[in-house]
Each structure stands twice: as C-alpha cells, then as structure tokens.
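*Asks:* below are the sequence and a predicted model; questions follow.
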Amino acid sequence: MGKVKKNKIVFFAPIIFLLIVFSFIFRNKKVFAGQIYDAKNSLQNTQKQIEITQKHLNNSQALLGKTVVQVASTKTVIQQAESDIAKKQNELDELNKRADMNKAILESCLQQAYYADANPLVKLAVTGTSFSNISQNFDQMLSVKDKINLILSDINQNTKDIENVKNDLSDKKLQHESLLAQQKKEQANIVSDINTTTATLAELQAKFNALQSELNSLLGTNYNAKDIKDAVSYASNKTNVPQGVLYGFLTQESNLGKNVGQCSYADVEKVSIPGYKKYGKKYQASIDRLYYREKLFNNILNDLGYKSKKVSCTIPFSSAGPNQGGAMGAAQMMSDTWLAYESQISANTGNGHPDPWNITDAVMAMAIKVAGAGGTSDSSSAIKKATTNYYGIFSQGYYNTVLYWSKNYKTLLN
C-alpha cells in the first residue's frame, strides 16, 4: 500500500510541477498584458491631452494676434487724436493772434472816433475842414468799427467751434487710452496663458515620449539601423525631414558619421579655458558652461557603460572669438543638447538609453532637431532657417553644403 502511494506521488509530481509552471507563466503573461494595456491606455490619454492643449494654445495664439492688431490700431487712433489736438491748438493760437491784432485796430479806431465825436467843431475851426468832410470821415470810421466787430465776432465763434472740437478730441483720446490699457491687460493675460500652456504642452510631450519608450520596451520594438542609409531612411520617415537634407547635415557635421570627434574633454579644456581667460571675465559664463557640459558628458558615459569617448576638438582661437569643442557622435550635439532630446529619441527608436555614438539614435536626434527648426522641406528658405538654428549662426558654407546634398544626394551616394 505504501508502495502504491509512493508510485502515485512519483506519477503526479511532474504534472503538479507543470501545472505550477503553467500557472506561473499564465499569471506573468496576464500581468505583462496588463502592463501593456495600461501603457497603451496612458499613451492614448496623454495624446488626447496633448491635442486638447495644443488646440487651446493655437486658439490663444490666434487671439493674441488679434489683440496685437487691436492694440496697434488703438495706438494709431490715439496718435492721430494727439496730432489733431495739436493742430486745433495751433488754429486757436492763430485766431487769438488775429483777435489781438483786430482788437488793437479797433482800439485805435475807437480812440479816433471818440476824438472826432468830442471835438468836431474844434477840428472844423482849426483845420478849416468842411463839415461834410468831417461827417464823411466819421461815417467811414463807423463803418470800419462795424467791420472789425464782425471780424471779432467771427473769430470768437471760430474759437468756440475749435475749442469744442478740441474738447471732443480730448474726450475721445481719453476713451481710447482707457481702451488701450484694457487691451494691454488682456494681451498680458493671453501671453501669460500661452506661456503656461506651452509649459504644460512640453510636460505632456515629455510624458508621452516616456510612455512611448516604456511601451516600446514592453513590446520589444526598438529599432537599430544596419547602416547610415538605413538610419537616415528611418529618421526621415519618423520626422518628415527629407533624406537629402539629413545627408547634408550629416556631411557637414561628421562626414556621414565617419568623424565623430578626435579629442578628449581634457584636450578641449586645455585649449578652451586659456582662450576664454584671454578675453577676460566676460567669458566666465562660457567657462562655467564648459565644466557643466563635461559633467553631463561623464554622466552619459557612465549610464551607457563607456570608459571614454572622443568628442569634437576646440577650433584654435581666432579673431572670431573664443569657442569650445565637446560635441558628440554623428549628430555632433553638446551633452546638454543631447539630454534635452533623449526622451524624443527614445520614443522614436524604442531605445531606452539613447546613445550619441549609436548611428540610429544620433541620426534620429539630428532629424528631430532639424524638424523642430522647420527643416521638413528641401526649399532654400527652410534649409537656411534649419542650418542657422543647428549651427547657431548663419554660415554660407554650411548652408551651401546642405542645399547641395538635398538636391543631389541620390547621385552622390551612388
């Protein structure tokens, strides 16, 4: 009987073990499937939030554009009112001058009229002038008085009219100044809203990139190009940057990935630091930035398990001023720039730890940056804008290289 029990245990033991194993696998699969579902769900929700936030940002930017036009229009109205008020004031000044002149004439006429009225007989006896001539002169003087009075009356009326117009203009100016203050307040609120929304959008995009990277890791859908052509094709499809444009940038930056740096960071320091110090304290910020970038560079090496890597050398200082090397990989990005693009690189390649010296990650980083600068077209204007952004300043040689490759890359690669 004991032997039968033992045989049964021996017989059922493997079955029980398999059941436990299958149960464990099923449970793990269920957990794994749940993780994928949660990641996809979070990704979709974040995408919806991005779309809503982007729509709000677009509306705010459109509203800001209208407000800017309104502010400019109100300023023009105020300036025109000020100009009209000044003109009316000049007219008032001229009328006052005319009134003063006519008053002086009238005063002289009144004095003469008074003298004539008071001494007609004396004047007649002394001068021997006939009475009829004195009467005629007196009548003429009265006529001049009447005319001057009419002129003064007309001036007074014009003065009142101009004063009324001037007052109306002043009232309208005050109204528009009040309107302008309100418009500027609205404009400031819109700008504040745009800044907040832009920051929120950046946070959501970073979250989306992280979730995409997580989902790629769960699904095992990371991408590694077999060569430079494969990397360019993949990055172009992901970012809409034309392949020819990418080849142009890669040629200019690293000779299609063949020259990714020939100096250590210690070499960079030996040339850059003395060069900066030569120009005085105004370049202290550049020295601080170099040390900061070196620290980030070392962190990248540690994270990726590299003992050392070469970077771009510092170009010897010239009349153009100080500079620094330290650019990494085929994309020739500084360490701080690279880290700013890491989440986007990971979201597109599925590589959890983007590597500046990995051709897939490097070309993707370049494509993302070029696309962000408007380089999704091979037009000369788009290339000029993208090269200026990537290089930091406009360089005719850099621009010509990218433009030439964008038009002839198929021929150049064959």
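*Replies:* It's in.
*Asks:* make it CA atoms for all contacts and neighbour counts henceforth
*Replies:* Fine.
*Asks:* please, which helix or strand holds the residue nearest to the spatial centre of the chain?
*Replies:* By Cα atoms, centre = their mean, the chain has its centre lying nearest to Asn195, at 10.5 Å. According to DSSP states H and E, Asn195 maps onto helix 131-219.
*Asks:* so for that helix, mean pLDDT?
*Replies:* Average pLDDT, helix 131-219: 75.
*Asks:* please give the number of neighbouring residues around Asp161.
*Replies:* Using other Cα atoms under 10 Å, Asp161 has 13 other residues around it.
*Asks:* any idea how far Val232 is from it?
*Replies:* Computed as Cα to Cα, to the nearest Å, the Asp161 to Val232 distance reads 77 Å.
*Asks:* isn't Leu204 right next to Thr46, touching?
*Replies:* Yes - using Cα atoms under 8 Å, Leu204 is in contact with Thr46, at 6.7 Å.
*Asks:* what is the least confident helix or strand in this protein?
*Replies:* The helix or strand of the chain with the lowest confidence, counting by mean pLDDT, DSSP states H and E, is helix 120-127 at a mean of 48.
*Asks:* now the strands for the stretch 201-350 of the chain?
*Replies:* For the stretch 201-350 of the chain, no strands are identified by DSSP state E, counting those that start in this stretch.
*Asks:* any low-confidence regions in it?
*Replies:* 209, 212-223, 317-322 (pLDDT under 70).
*Asks:* so where do the helices sit in it?
*Replies:* Using DSSP state H, counting those that start in this stretch, the helices of the stretch 201-350 of the chain run over 228-239, 243-254, 265-278, 284-304, 335-349.
*Asks:* tell me which of these sits nearest to Lys87.
*Replies:* helix 284-304 (54.0 Å; Cα to Cα).
*Asks:* can you pull the contacts of the closest residue to Asn358 other than its chain neighbours?
*Replies:* The shortest distance from Asn358 to any non-neighbouring residue, by Cα to Cα, 6 or more residues apart in numbering, is to Gly329 (7.6 Å). Counting by Cα atoms under 8 Å, 6 or more residues apart in numbering, Gly329 touches 254, 257, 260-261, 311, 356-358, 362.
*Asks:* try 6 Å
*Replies:* Counting by Cα atoms under 6 Å, 6 or more residues apart in numbering, Gly329 touches 260, 356-357.
*Asks:* mind checking which of these are buried?
*Replies:* Among the contacts of Gly329, those that count as buried by neighbour count (16 or more other Cα atoms under 10 Å) are 260, 356-357.
*Asks:* just put the helices of the stretch 201-350 of the chain in a markdown table and tack on distance to Asp38.
*Replies:* Shown next, in a markdown table, are those (distance: least, Cα to Cα, whole Å):
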| stretch | distance to Asp38 |
| --- | --- |
| helix 228-239 | 24 |
| helix 243-254 | 35 |
| helix 265-278 | 43 |
| helix 284-304 | 28 |
| helix 335-349 | 17 |
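*Asks:* most tightly packed of those helices?
*Replies:* Stretch with highest mean neighbour count among those: helix 243-254 (a mean of 24; mean count of other Cα atoms under 10 Å).
*Asks:* list the helices and strands that helix packs on?
*Replies:* Judged by 3 or more Cα pairs under 6 Å, 6 or more residues apart in numbering; DSSP states H and E, the packing partners of helix 243-254 are helix 396-413.
*Asks:* distance check, Leu180 against Val77.
*Replies:* Leu180 sits 10 Å away from Val77, taking Cα to Cα as the criterion.
*Asks:* looking at the two, which is more packed in?
*Replies:* Leu180 (19 against 16).
*Asks:* now do the same contact list for the more buried one.
*Replies:* Per Cα under 6 Å, 6+ apart, neighbours of Leu180: none.
*Asks:* from Thr67, how far off is it?
*Replies:* Leu180 sits 10 Å away from Thr67 when distances are taken as Cα to Cα.
*Asks:* do the same with Lys184
*Replies:* The value you get for Lys184 to Thr67, if Cα to Cα is used, is 8 Å.
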